[in-house]
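> Pasting a predicted model and its sequence here:
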Amino acid sequence: MAHASGWPGVLPRPIHRELARLDSLDPWFEIYQVSEGVFSLVEPYHYEETISYLITGEERAVLIDTGMGVADLRAEVQNLTRLPVVMINSHWHWDHIGANYQFEEVWAFDNDFEVGKIERGMSVEECAAAGYLRPESLCRPLPAGFDPATYELRRSTVTRRLKHLEQVHLGGRVLVIHHTPGHSPGGICIYDTADRILFTGDVYYPGTMYANLERSDFDIYYQTMRYLASLAPHIRSVSPSHNESRVPPAELTEAESGFREIMSGRAPYTVLPDGVRLYDFGRFRLERPPAPAGAQGNP
């Protein structure tokens, strides 16, 4: 299956050829060292190319997201660190909460809708209807022993609700929570003050981004991109949750510029069969809902 991001022909992506690769227990994962004590756990063989991140301090570690949950993520994390691990969800979407149930401490932003979605999970029937693991979504067989017919997003309990600009202390490393809604109402980015890395979840990544999902809001998304662009001068690198484990912070300002073009009505777009507008800016694309009936002009 060819994908807009070039998947799977681009694997491994160029940035992953530059990073040190560590051995994984399950070949479903590729593990890279982003910086000292920071690791990306990539699931490259599904077209989502979801990335979870392990950030270690002197006293404890944080895992950002748990991927799709088709392989044993906890075992990979325990193979990387013996520290106690807190799991933080960047947002509620299926490909970021799949292995939540493997962790006792599950943190998320203080948004009732977001927390409710994380805690509810999805049934086998719902996952099958969504077609998350359809064969054309894969370029390699699923992990040995995994049965896609029984795939579900198991319920998990959010044990702590995070606030905007809250600090999470790991011992020698401090993470700052930034509420960045738009793609989802309780979406967050996490800033590692030690290495000046911004973990952007699904708010920004190279590839097709979405402002047309449940509870997405393009206008709010634009304000979030303006906010992230203002942070860019203080960031050394960006680590998104899809496709590439490290991108330059200049891409945040470029994305904000693209969003601004869309807001102004100057950005060209393609209308997809379902009426969704697709804007292409090269390194990233954006899907936006159809214009309301009777609306005039490009915006």
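Yep, it's here. Quick caveat: nothing in here was measured; it's all calculated off a predicted structure. Residues are numbered from 1 along each chain as shown.
> Pretty sure residue 74 sits in a helix.
Yes. Per DSSP: H, G, I helix; E, B strand; the rest coil, residue 74 lies within a helix segment.
> pLDDT score assigned to the residue lying closest to it once chain neighbours are set aside?
In space, not counting the residues next to it along the chain, residue 74 is nearest to residue 102; the distance is 4.0 Å by Cβ to Cβ, 6 or more residues apart in numbering. For the C-beta atoms, the positions are set from N, CA and C on the backbone; glycine is no exception. Residue 102 is assigned 98 on the pLDDT scale.
> neighbours of residue 102, just the number please.
19 (other Cβ atoms under 10 Å).
> beta partners for the nearest residue to residue 83 once chain neighbours are set aside?
Take residue 83 and drop its neighbours on the chain: the residue closest to it by Cβ to Cβ, 6+ apart is residue 61, 4.5 Å away. Beta bridges link residue 61 to residue 56, residue 85 when assigned by DSSP bridges.
> Tell me if I'm right that residue 61 and residue 88 touch.
No. Taking Cβ atoms under 8 Å as the definition, residue 61 is not a contact partner of residue 88, at 10.8 Å.
> show me the contacts for the residue nearest to residue 74.
Contacts were defined as Cβ atoms under 8 Å, 6 or more residues apart in numbering; by that measure residue 102 touches 66, 72-74.
> will you turn these into JSON lines that also has neighbour count, pLDDT and distance to residue 232?
JSON lines is the format used below for the contacts of residue 102 (neighbours: other Cβ atoms under 10 Å; pLDDT from 0 to 100; distance: Cβ to Cβ, whole Å):
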{"residue": "66", "neighbour count": "26", "pLDDT": "98", "distance to residue 232": "28"}
{"residue": "72", "neighbour count": "19", "pLDDT": "98", "distance to residue 232": "36"}
{"residue": "73", "neighbour count": "27", "pLDDT": "98", "distance to residue 232": "30"}
{"residue": "74", "neighbour count": "15", "pLDDT": "98", "distance to residue 232": "34"}
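> ok, so of the residues you listed, who is nearest residue 221?
Within the contacts of residue 102, proximity to residue 221 (Cβ to Cβ) peaks at residue 66, which comes in at 23.9 Å.
> roughly how far apart are that closest one and residue 155?
The gap separating residue 66 from residue 155 is 13 Å, by Cβ to Cβ, to the nearest Å.
> Now stretch 107-115: buried residues?
Applying a neighbour-count criterion of 16 or more other Cβ atoms under 10 Å, one finds 107-111, 114-115 buried in stretch 107-115.
> so which two of those are the farthest from each other?
Within the buried residues of stretch 107-115, two members stand farthest from each other by Cβ to Cβ: 107 and 111, at 12.4 Å.
> hmm, back to that, sitting in strands, which of the buried residues of stretch 107-115 do you find?
Of these, the ones assigned to strands by DSSP state E are 107-109.
> can you pull out the strands in the stretch 1-150 of the chain?
All strands of the stretch 1-150 of the chain, identified by DSSP state E, counting those that start in this stretch, fall at 20-22, 30-35, 38-43, 50-56, 61-64, 85-88, 106-109.
> Name the SS class of residue 178, please.
strand.
> tally of neighbours for residue 265?
A count of nearby residues for residue 265, using other Cβ under 10 Å, gives 9.
> Same question for residue 86.
By the measure other Cβ under 10 Å, the count of residues near residue 86 is 21.
> quick one: pLDDT of the closest residue to it other than its chain neighbours?
Closest residue to residue 86 apart from its sequence neighbours, by Cβ to Cβ, 6+ apart: residue 105 at 4.4 Å. The predicted structure scores residue 105 at 98 on the pLDDT scale.
> so residue 105 touches residue 156, yeah?
No. If you go by Cβ under 8 Å, residue 105 and residue 156 don't touch, sitting 10.4 Å apart.
> Neighbour count: those two, which is higher?
Using other Cβ under 10 Å as the criterion, residue 105 and residue 156 rank with residue 156 on top: 22 against 16.
> hang on, isn't that one packed against residue 117?
No. Residue 156 is beyond contact range of residue 117, at 10.9 Å (criterion: Cβ under 8 Å).
> picking that back up, quick one: closest of the strands of the stretch 1-150 of the chain to residue 245.
With respect to residue 245, and counting by Cβ to Cβ, the nearest of the strands of the stretch 1-150 of the chain is strand 38-43 at 3.9 Å.
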